[in-house]
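*Asks:* The following comprises the amino acid sequence and a computationally predicted model.
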Amino acid sequence: MDTTLSNDTIAALATPPGRSGVAVIRISGTGVWPKLASLLRHPNGKLVDSTPPSPRLMQRLDFVEPNQQILDQTLVVFFPGPHSFTGEDQVEIHGHGSPVVVARMMERLAELMIRPAQPGEFSKRAFLNGKSDLAQAEALMNLINAASLRAAREAARQMEGSLSKRLLNNRSILLEALAHLEATLDFADEDIDPDDQKAIIRRLTQVSEDLGTLLQGAVLGRQLSEGFDLAIVGRPNVGKSSLFNRLSGQDRAIVTSQPGTTRDLLESGIEIHGIPIRLIDTAGLRHTQERIEQEGIRRAKERLQEADGVLLLLDSGTGILPEDLIIAQSAPIDRTLIVWNKVDLNPETTLPNLQQSGFPQEMESTALSCKNGVGMAELLEKIAHYFGSLPVDGEGCVVMVSRQREALQRTLSHLVQAEAILLHGEKEELVALSIREALGSLGELVGQTSQEDLLDLIFSSFCIGK
């Protein structure tokens, strides 16, 4: 694909391949309806007029073979450009989801020189026709790939242009700073009252702070798109693998009474109240001479520090042991929930006071039995409340794509360089150059770029029918 609009008419299956009740074929291109008319018939056998029908009105038509034999009974709707997804004339054919029938319909379209669409070509045409900018196009893909309701809502807001507006506002501020700076350079002898150095720095700082806030929110974007990391840690035989199996709904972790059974990290993608979570079972933390177990413990300690949330398991029967205190001292207190296991063994046991027992501070806790499931509902509620209450930086402005994070980082780097040059009193031409480079990186976020390879890379990751 290139960055110029193609005159080709394209078609693709917009619904997942395979057997289904309904399959939707999407077709886009200038003058698409007259081409399709020869493939369609009214249920009474009447020819379909080559004049486009009423827009956005679904009508019952038969899709026919060259000998006029009916291939499928379909519903067809016409979307005239520029008021369509791609900005071109567009038709959707809603037929039955038989892979054989869909394949034959695509063959019939190819006979009319309607070629199969490349991945993301519909969305790319929408972008090139000004129907969306790049941030909105990527938000569409985030919506399709959303692993949780919260991620889907965030992507839907961005499709409305919330992130784009914020980025474009920052771009306008940078353009103003650059205009004043270049006026100083080009018309130094004229009677112009340009922004002084402090005013330019204020503009650069304003943009830097706002983009820095967006970049900080990219951590939440990663969590929404990939899931929150939730690590289960504790000493051996407190029930980590049993809890992992309970939460994941799978019997994946080996559960035995022998210490050191779990030697590597086990991961499972789960969803709790609509929140995507990557659950991690870690090796029991203890002192050991066994080299393989040592490596598992090293990895467990790494995840303990990196995880978005930690479940620190304690044994309600044995109480708090020295090994528990060592683990607690290295746990991130603000991200750790204490989970007392095995309450079924002695329901009357009073749980120890954590702080009086030597914990860094009194931490939130809950009690359960992995054996019979008592207390699991309360644990799920606490996990959902914690991850669901993490702050979001503004409505629809969470950066969820790695490409966007990288472009933000480059933009900030150029702005920091521009400010440093100004403060050191170096040539203003170099300041202007850094601001232009920042504008270029910022332009990549919304698609104000002529880099053909960049656009191809972005849209090639889209679905074929998008």
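*Replies:* Noted; the coordinates are in hand.
*Asks:* Report how many residues lie close to Gln68.
*Replies:* Gln68: 9 surrounding residues under other Cβ atoms under 10 Å. Where C-beta positions appear, they are placed from N, C-alpha and C, glycine not excepted.
*Asks:* ranges for the strands of the stretch 201-350 of the chain?
*Replies:* In chain order, the stretch 201-350 of the chain shows strands spanning 228-233, 266-272, 275-281, 309-315, 336-341, with DSSP state E, counting those that start in this stretch as the criterion.
*Asks:* What pairs with the second one, parallel or antiparallel?
*Replies:* Spelled out, that is strand 266-272. Strand pairing for strand 266-272, determined by DSSP bridges: strand 275-281 (antiparallel).
*Asks:* and the angle for the strand it pairs with with strand 228-233?
*Replies:* Direction vectors for strand 275-281 and strand 228-233, defined by axes from the mean of the first three to the mean of the last three Cα atoms, to 10 degrees, enclose an angle of 30 degrees.
*Asks:* so strand 275-281 versus strand 309-315, what angle?
*Replies:* 50 degrees.
*Asks:* Rounded mean pLDDT for strand 275-281, please.
*Replies:* The predicted model gives strand 275-281 an average pLDDT of 84.
*Asks:* how close does the closest residue to Ala307 other than its chain neighbours get to Gln329?
*Replies:* Closest residue to Ala307 in three dimensions, ignoring its sequence neighbours and counting by Cβ to Cβ, 6 or more residues apart in numbering: Ala231, at 3.9 Å. For Ala231, the distance to Gln329 under the criterion Cβ to Cβ, to the nearest Å works out to 16 Å.
*Asks:* which of those two has more neighbours?
*Replies:* Ala231 (27 against 11).
*Asks:* Could you report the separation of that one from Gly274?
*Replies:* In this structure, Ala231 and Gly274 are separated by 21 Å, where distance is defined by Cβ to Cβ.
*Asks:* try Val207
*Replies:* In this view, Val207 and Gly274 are 35 Å apart by Cβ to Cβ.
*Asks:* more crowded one of the two?
*Replies:* More neighbours surround Val207 than the other of Val207 and Gly274, with 23 against 14 (other Cβ under 10 Å).
*Asks:* Contact partners for the more buried one?
*Replies:* Val207 is in contact with 170, 173-174, 415, 438, counting by Cβ atoms under 8 Å, 6 or more residues apart in numbering.
*Asks:* Could you list the residues in contact with stretch 377-386?
*Replies:* Stretch 377-386 is contacted by residues 230, 272-273, 275, 277, 309, 337, 339, 364, 366, 368 when judged by Cβ under 8 Å, 6+ apart.
*Asks:* Might you report the residue contacts of Leu230?
*Replies:* Under the criterion of Cβ under 8 Å, 6+ apart, the neighbours of Leu230 are 277-280, 307-311, 383.
*Asks:* could the strands of the stretch 201-350 of the chain go into a markdown table alongside distance to Gln216?
*Replies:* Formatted as a markdown table, the entries for those read as follows, by distance: least, Cβ to Cβ, whole Å:
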| stretch | distance to Gln216 |
| --- | --- |
| strand 228-233 | 17 |
| strand 266-272 | 25 |
| strand 275-281 | 20 |
| strand 309-315 | 18 |
| strand 336-341 | 22 |
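*Asks:* Let me see the ranges of the helices in the stretch 351-466 of the chain.
*Replies:* For the stretch 351-466 of the chain, applying DSSP state H, counting those that start in this stretch gives helices covering 376-388, 402-423, 428-446, 452-459.
*Asks:* and the ones you listed as TSV, adding mean neighbour count?
*Replies:* What follows is these, written out as TSV (neighbours: other Cβ atoms under 10 Å):
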stretch	mean neighbour count
helix 376-388	16
helix 402-423	18
helix 428-446	20
helix 452-459	16
